[in-house]
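**Q** Generate coordinates for the sequence data below:
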Amino acid sequence: MKTEPPSVKIVAIAADEAGQRIDNFLRTQLKGVPKSMIYRILRKGEVRVNKKRIKPEYKLEAGDEVRIPPVRVAEREEEAVSPHLQKVAALADVILYEDDHILVLNKPSGTAVHGGSGLSFGVIEGLRALRPEARFLERVSYTPLTLPT
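**A** Numbers count the residues shown, from 1 in each chain. Here you go, the predicted structure:
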């Protein structure tokens, strides 16, 4: 399916929109466009009211004709997978043994056991996300062992 390129839009100001500043009006018309871009198109004279350049402070009046130029906004990429979700998934892969009373895992080197002191994520937070029904996750006993290979 082919989409048409954006084109210039002419908007007639109704009585209920009168008194509104042009910059605020444009923010409602151009959803998702950063304020900096709105001010840039105002500064460059691309937005016109009654075929005249205007300043961002201009207050709209009923009957004004606003020329809104085509504005391209980069489309967001598909939501990137959160690094925490990746860590939780990786944590599931390193669980060696689990029953009702104990969980044994091969903690990757460099992964904190507890979040805090500048770290927002650790094994405990990962286990809470992985096993929300599990209790006593705040009482983790960390005993490093070397397993025979």
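
**Q** contacts, neighbours, all on C-alpha from now
**A** Noted.

**Q** What is the lowest-mean-pLDDT helix or strand in the chain packed up against?
**A** Ranking every helix and strand in the chain by mean pLDDT, DSSP states H and E puts helix 83-93 at the bottom, with a mean of 77. Here helix 83-93 touches helix 123-130, going by 3 or more Cα pairs under 8 Å, 6 or more residues apart in numbering; DSSP states H and E.

**Q** averaged over its residues, what pLDDT does the helix it packs on have?
**A** If you average the pLDDT over helix 123-130, you get 80.

**Q** What are the boundaries of the helices in the chain?
**A** 22-29, 35-43, 83-93, 123-130 (DSSP state H).

**Q** Grab the CA positions of the last one and hand them over as PDB.
**A** Spelled out, that is helix 123-130. The C-alpha trace of helix 123-130 is given here as PDB (Å, rounded to 0.1, in the frame of the first residue of the first chain):
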ATOM      1  CA  VAL A 123      19.900 -11.700  40.300                       C
ATOM      2  CA  ILE A 124      17.200 -11.000  42.900                       C
ATOM      3  CA  GLU A 125      15.400  -8.500  40.700                       C
ATOM      4  CA  GLY A 126      15.600 -11.000  37.800                       C
ATOM      5  CA  LEU A 127      14.200 -13.800  39.900                       C
ATOM      6  CA  ARG A 128      11.400 -11.600  41.100                       C
ATOM      7  CA  ALA A 129      10.500 -10.900  37.400                       C
ATOM      8  CA  LEU A 130      11.000 -14.500  36.400                       C
END
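
**Q** Provide the partner residues of G116 in its beta bridges.
**A** L119 (DSSP bridges).

**Q** coming back round to it: deepest-packed of the helices of the chain, please.
**A** helix 123-130 (a mean of 18; mean count of other Cα atoms under 10 Å).

**Q** what would the helices of the chain look like in JSON lines with distance to D64?
**A** Converted to JSON lines, these look like this (distance: least, Cα to Cα, whole Å):
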{"stretch": "helix 22-29", "distance to D64": "11"}
{"stretch": "helix 35-43", "distance to D64": "16"}
{"stretch": "helix 83-93", "distance to D64": "49"}
{"stretch": "helix 123-130", "distance to D64": "55"}
